[in-house]
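Undergrad: take a look and give me a structure for this.
(one chain, ligands or ions: 2)
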Amino acid sequence: MATEVAVWVPATTANLGSGFDCLGAALDFGNRFHFALREGGEPVQVVGAQIGGENLAYRGFALMYERLGQPVPPVTLTLELNVPLARGLGSSATAIVAGLRAAHYLLGNPMPESQVLAWAVGLEGHPDNVVPAWWGGCRLTCGERVCLIPWHPEIIPVFAIPEFELSTAQARAVLPSQIPYPDAVANLGALGCLLQGLREGSPELLRTGLRDHLHQPYRRGLIPGYDPVEAAALAAGAYGVVISGAGPTLLALSTPAQADGVAKAMVQAWQGVGIGALSRVSRVSDQGAQVA
Ligand SMILES: Nc1ncnc2c1ncn2[C@@H]1O[C@H](COP(=O)(O)OP(=O)(O)O)[C@@H](O)[C@H]1O
Ligand SMILES: N[C@@H](CCOP(=O)(O)O)C(=O)O
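TA: Ligands and ions are numbered 1, 2, ... in the order given. Below is the predicted model:
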């Protein structure tokens with residue numbers, strides 16, 4: 001039996017506007033988690049980075065042993081993090097997927113992959129970052145059904161990542177428990193347009209499809225600078241701007257030719273309201289979580 005394993009998991013951008021809690025895409029950067037079993041000592045030693053809250057990589061790791069009725073072995077966990085924490089780029093999903101995948105591997109892969117994925121989704125609470133992190137690509141999840149959504153290669157995701165954090169828990173706390181019927185209907189139409197727009201690379205369909213009525217109206221107030229950053233991206237030629245995951249990172253979809261200009265405009269707009277930000281011109285990647 002192996003006693004150590006490394007798992008790489010991609011960052012994700014979830015929701016993509018109208019696909020709240022069901023649509024997300026894997027990106028071309030990610031986190032690496034190395035797990036080495038020990039004979040004894042404290043349950044977990046973490047090396048490489050400090051996580052503000054609970055270490056969800058260890059939580060996922062321990063969950064696998066618990067579900068199989070086995071004692072959780074002491075482990076040294078080494079983190080190589082490239083996904084910023086609490087920014088809406090799926091950091092928690094990388095950790096959960098890595099923990100479960102690592103423990104599953106070390107136990108000899110005894111469970112169907114679909115069961116391990118379901119446990120990962122259960123721990124995160126929604127599938128739209130965990131599922132693309134697991135499989136790669138852009139994925140729509142509906143119950144147990146997962147669809148690969150074609151992503152036109154001329155659509156470039158451009159991220160503006162502000163210096164402040166916003167936890168997913170905070171961003172979910174502002175959502176109402178009920179929404180008006182017209183808002184639900186508007187999102188049904190928008191999601192249809194978005195999926196078609198992502199497939200065709202159609203600017204008109206993307207503009208319509210990125211409009212959301214379920215979460216963004218309630219969350220944008222948590223993101224100082226949202227309005228000027230959105231306006232700057234649109235003026236620089238973006239198809240639209242949405243909150244990446246639960247925020248505060250903002251995602252613009254752009255043509256390849258305009259991507260660098262959109263990135264620069266978004267960062268400048270954030271700086272204009274006194275908030276530091278970094279940009280990242282990314283790609284949707286086919287590569288899901290990898291055990292090495
Ligand atoms: N890379 C990581 N490794 C371990 N635990 C993590 C990691 N990223 C996030 N977490 C845990 O998940 C919690 C929730 O993160 P969250 O606000 O959902 O961030 P994000 O939106 O970036 O996924 C964090 O407070 C932390 O306890
Ligand atoms: N659908 C979730 C997505 C959270 O993604 P994260 O990258 O912020 O963890 C939500 O919008 O709450």
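Undergrad: quick one: contacts for the closest residue to residue 251 other than its chain neighbours?
TA: Once flanking residues are discounted, residue 251 sits nearest to residue 244: 4.2 Å by C-beta to C-beta, 6 or more residues apart in numbering. In short, each C-beta sits where N, CA and C put it, glycine included. Going by C-beta atoms under 8 Å, 6 or more residues apart in numbering, residue 244 touches 13-15, 87-89, 159, 250-251.
Undergrad: need the pLDDT of residue 244.
TA: For residue 244, the pLDDT comes out at 98.
Undergrad: again with residue 116
TA: For residue 116, pLDDT reads 98.
Undergrad: for residue 50, same thing?
TA: 85.
Undergrad: just give me the neighbour total for it.
TA: By other C-beta atoms under 10 Å, 8 other residues sit near residue 50.
Undergrad: look up how far residue 13 lies from whichever residue of the chain sits closest to ligand 2.
TA: Closest approach between the chain and ligand 2, counting by C-beta to the nearest ligand atom: residue 245, at 2.6 Å. With the distance defined as C-beta to C-beta, to the nearest Å, residue 245 ends up 6 Å from residue 13.
Undergrad: which neighbours do these two share?
TA: Common neighbours of residue 245 and residue 13 (C-beta under 8 Å, 6+ apart) are 24, 88-90.
Undergrad: so the residue of the chain closest to ligand 2: helix, strand or coil?
TA: coil (DSSP: H, G, I helix; E, B strand; the rest coil).
Undergrad: out of everything not next to it in sequence, what's closest to it?
TA: Distances taken as C-beta to C-beta, 6+ apart place residue 88 nearest to residue 245, at 3.3 Å, with adjacent residues excluded.
Undergrad: repeat that for residue 150.
TA: Counting by C-beta to C-beta, 6+ apart, residue 150 lies nearest to residue 199, which is 4.5 Å off, once chain neighbours are set aside.
Undergrad: am I right that the one you found is in contact with residue 149?
TA: Yes - Residue 199 is within contact range of residue 149, at 7.4 Å (criterion: C-beta atoms under 8 Å).
Undergrad: give me the more crowded residue out of the two.
TA: A count of neighbours by other C-beta under 10 Å puts residue 149 above the other of residue 199 and residue 149, at 19 against 15.
Undergrad: a markdown table for the contacts of residue 244, including secondary structure and distance to residue 190?
TA: Listed next are the contacts of residue 244 as a markdown table, based on DSSP: H, G, I helix; E, B strand; the rest coil; distance: C-beta to C-beta, whole Å:
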| residue | secondary structure | distance to residue 190 |
| --- | --- | --- |
| 13 | strand | 17 |
| 14 | strand | 16 |
| 15 | coil | 12 |
| 87 | coil | 24 |
| 88 | coil | 19 |
| 89 | coil | 23 |
| 159 | strand | 21 |
| 250 | strand | 18 |
| 251 | strand | 16 |
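Undergrad: could the residues you listed go into a markdown table alongside neighbour count?
TA: Converted to a markdown table, these look like this (neighbours: other C-beta atoms under 10 Å):
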| residue | neighbour count |
| --- | --- |
| 13 | 27 |
| 14 | 30 |
| 15 | 27 |
| 87 | 24 |
| 88 | 30 |
| 89 | 29 |
| 159 | 24 |
| 250 | 26 |
| 251 | 31 |
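Undergrad: filter those down to the ones near ligand 1?
TA: When C-beta under 6 Å from any ligand atom is applied, the members of those adjacent to ligand 1 are 87-89.
Undergrad: reformat the residues you listed as CSV; add pLDDT and distance to residue 286.
TA: Converted to CSV, those look like this (pLDDT from 0 to 100; distance: C-beta to C-beta, whole Å):
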residue, pLDDT, distance to residue 286
87, 97, 23
88, 97, 22
89, 98, 18
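Undergrad: residue 240: which of the residues you listed is nearest?
TA: residue 88 (16.2 Å; C-beta to C-beta).
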